[in-house]
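>>> no FASTA, just this:
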């Protein structure tokens, strides 16, 4: 356990000391205030528009975090052999993966906190400046939504670890992660759209089944109902929210277990 | 100026001669001036035709939803910004050439409504731009009536009913829309009154009175007085009195 | 004296290429064994099999008392952190006194100013010293070194050799792979000459002299030609 906590803390420091992390942290404090500018162009639902933009920016920077911070970390471990520093402590391969994963996730927390705090402050300002067009407690809804939107990215980070456990280098890791991310981005709304009779009629049955099968294998990045509902302050059923969180956390755990199994069999050259 | 001189001195002490440094500064100033001149002399972006004039369909919805992924509401926001641009471009175009812009407007409104059916700005823009600028009343009514399952506000449905009655002279279309508007939780006396006047025109006073009485129990207390006044007005009005007495 | 490392019939095959072919030997406390061979002889692969970084196709390795510490041929270190942070991590992970981190860096003569600088600002030689400090921190019983002198100047090599000898006298066992025969002869008690994945000859080093180094080089040349 000592080794696990040490590795988590080490990973957190390793990520946080990078210049790109500091730039991202600074940007996330500024971004909510900059988003107030395009928000002011709208007419009635300004609070909803502001929240949409914040959620979109959240998706963007979480994705950027995975590709520009998490991927290079794992690439260095795998390609350059930095993982041998940890494995020859000695540390088991499973412990190493879990330690790195929890460390990577932990380093998102300060970024998320800064983003939420800045956004909530911006919401307070918006509520006072546009009282008729920004619903009260929008800041609270945004906090809630941010936590929920983080869930699928935990699962995606676990998928990244699974990919890195078997991949040979940066090209494979980046390409596979990008493919998974793209499918996770586009597939759920496509499946929703296939429920429509007109669309279903023009789509072969095997296509729908194939897409459904792929969707079951990958984390569900779609939190569109959550962000839409919270932006309009529509109620979220607690059972649905709980199921949503459980779904993603268990997916992440399963993916890490699979990653451990793959990584244990691998030769590290 | 003093800062510049200090900078000059600092650079000259690093082995760069004053002449070199002046040349470099002059070159930088010339480049900046060139950028400024280029920007000020480049004509503003003028689009002669919109990017898309396709007809909206469910397949388009499919692609846009796939593209938007987990942020469909943001796609709706972008559609509204596109609408502002379309309107600006359309008003800069002679009236006889605006048809492609109005097609694009329709597309963006459909896109916005599909991506975020709760978005009130879409319905406001439909009322203002599609109905009265582009003069496409039927399409405006179609889009406004899509708000029914999503919004608590009666405004879009009320406007749709008004457009159907006033512009299309189609009370068969207007009355169901007006009734739906009056059924909304925040339906004001205006919505209820408008619906009752349409019903009176189509089906007579008894039907209008029956409608108003049915709404009396469901509207908020602050609106009940308005409906009571309307009922009394109808009952005391000559036209309705004759109708009711004639029936008796 | 019980062995700190026993290698029994170790083989490793990649596809149809037998990189390590049925190797057996043992290493005892306070003993230094060198691995000498041309590029592709299987030295690094064998070391990685011992460390568990590579799974052997056949055979086994055993190091009952402690896990080996490892200095890779091209040590890669996390560049955003300092050497001190890296060593403190090792001390924390192994439950060692944190003061050992600073002490290990002093042992490898890494200047005090650079302890807290990010590794990205280190020269090649400084990185090699930092990696060596990481390897020797905590006085491991078994140390595997792959080209430990890489990137060091002549003075650095002398310092490192002196340090390794000191550790050896304290009871550490070394398994060292190197192309610098003279360094190997100075430190090692015996040298295993490898070619095509096999141990061709086990040479006992007697007086650590230059003549022995030359003799060893000629033996290596003979086995390489064969």
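In hand now; what should we look at? The shown structure was predicted, so the numbers you read here are calculated from the model rather than taken from an experiment. Numbering: from 1, shown residues only, chains lettered A, B, ... in the order given.

>>> Now do the phi/psi pair for residue B:237.
phi -70, psi 150 (degrees, to the nearest 10).

>>> Skipping its backbone neighbours, what lies nearest it in space?
Counting by Cβ to Cβ, 6 or more residues apart in numbering or on different chains, residue B:237 lies nearest to residue B:205, which is 8.0 Å off, once chain neighbours are set aside. C-betas here are computed from N, CA, C, even on glycine.

>>> Point out the residues in chain B that sit beside chain A.
Proximity of chain B to chain A (Cβ under 8 Å from any Cβ of the partner chain) is limited to residues B:57-59, B:61-62, B:65-74, B:76-77, B:80-81, B:84, B:116, B:118-121, B:124.

>>> hmm, 7 Å instead?
Counting by Cβ under 7 Å from any Cβ of the partner chain, chain B comes close to chain A at B:58-59, B:61-62, B:65-66, B:68-74, B:77, B:80-81, B:116, B:118-121, B:124.

>>> Narrow the residues you listed to those in helices?
Of the residues of chain B next to chain A, the ones assigned to helices by DSSP state H are B:58-59, B:61-62, B:65-66, B:68, B:72-74, B:77, B:80-81, B:120-121, B:124.

>>> Buried ones from those, can you make that a PyMOL selection?
Here is the PyMOL selection string for the buried members of these, based on 16 or more other Cβ atoms under 10 Å in any protein chain shown:
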select buried, chain B and resi 61+62+65+66+68+72+73+74+77+80+120+121+124
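
>>> of the ones in helices among the residues of chain B next to chain A, closest to residue A:41?
Distance to residue A:41 across these (Cβ to Cβ) is lowest for residue B:81, with 6.8 Å.

>>> Residue A:31 touches residue A:56, doesn't it?
No - with contact defined as Cβ atoms under 7 Å, residue A:31 does not reach residue A:56; the gap is 10.6 Å.

>>> ok, back up a step: how close does the residue nearest to residue B:237 sit to residue B:187?
Separation of residue B:205 from residue B:187 (Cβ to Cβ, to the nearest Å): 21 Å.

>>> Neighbour count for the two, which is higher?
Using other Cβ atoms under 10 Å in any protein chain shown as the criterion, residue B:205 and residue B:187 rank with residue B:187 on top: 25 against 20.

>>> Confirm for me that the more buried one is in contact with residue B:180.
No - applying Cβ under 7 Å as the test, residue B:187 and residue B:180 come out as separate, 9.5 Å apart.

>>> Where does chain C get nearest to chain B, which residue?
As assessed by Cβ to the nearest Cβ, chain B sits closest to residue C:121 within chain C, at 23.0 Å.

>>> can you tell me how far that residue sits from chain A?
13 Å (Cβ to the nearest Cβ, to the nearest Å).

>>> what are the ranges of the helices in the chain?
Defaulting to chain A. A:2-16, A:19-39, A:46-65, A:71-79, A:83-87, A:93-106, A:108-129, A:138-166, A:170-193, A:197-201, A:205-217, A:224-231, A:238-264.

>>> not quite, I wanted chain C
C:43-51, C:83-94, C:99-107, C:124-136, C:154-169, C:181-187, C:210-225.

>>> ranking these by burial, who's on top?
Of all the helices of chain C, helix C:43-51 carries the top mean neighbour count, a mean of 24, counting by mean count of other Cβ atoms under 10 Å in any protein chain shown.

>>> returning to what we had before: turn the helices of chain A into JSON lines, including mean neighbour count.
Listed next are the helices of chain A as JSON lines, based on neighbours: other Cβ atoms under 10 Å in any protein chain shown:
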{"stretch": "helix A:2-16", "mean neighbour count": "20"}
{"stretch": "helix A:19-39", "mean neighbour count": "16"}
{"stretch": "helix A:46-65", "mean neighbour count": "23"}
{"stretch": "helix A:71-79", "mean neighbour count": "20"}
{"stretch": "helix A:83-87", "mean neighbour count": "23"}
{"stretch": "helix A:93-106", "mean neighbour count": "21"}
{"stretch": "helix A:108-129", "mean neighbour count": "18"}
{"stretch": "helix A:138-166", "mean neighbour count": "22"}
{"stretch": "helix A:170-193", "mean neighbour count": "18"}
{"stretch": "helix A:197-201", "mean neighbour count": "12"}
{"stretch": "helix A:205-217", "mean neighbour count": "12"}
{"stretch": "helix A:224-231", "mean neighbour count": "23"}
{"stretch": "helix A:238-264", "mean neighbour count": "16"}
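
>>> Check chain C and tell me which residue is nearest its centre.
In chain C, the residue lying closest to the centroid (Cα atoms, centre = their mean) is residue C:145, at 1.0 Å.

>>> Is it bridged to anything, and to what?
Beta-bridge partners for residue C:145, by DSSP bridges, are residue C:71, residue C:176.

>>> which residues of the stretch 151-269 of chain A score low on pLDDT?
The stretch 151-269 of chain A contains residues with pLDDT under 70 at A:224.

>>> So which residues on it come close to chain B?
Within the stretch 151-269 of chain A, the positions adjacent to chain B are A:185-186, A:189-190, A:192-193, A:196, A:198-199, A:202, A:221-224, A:227-228, A:231-232 by Cβ under 7 Å from any Cβ.
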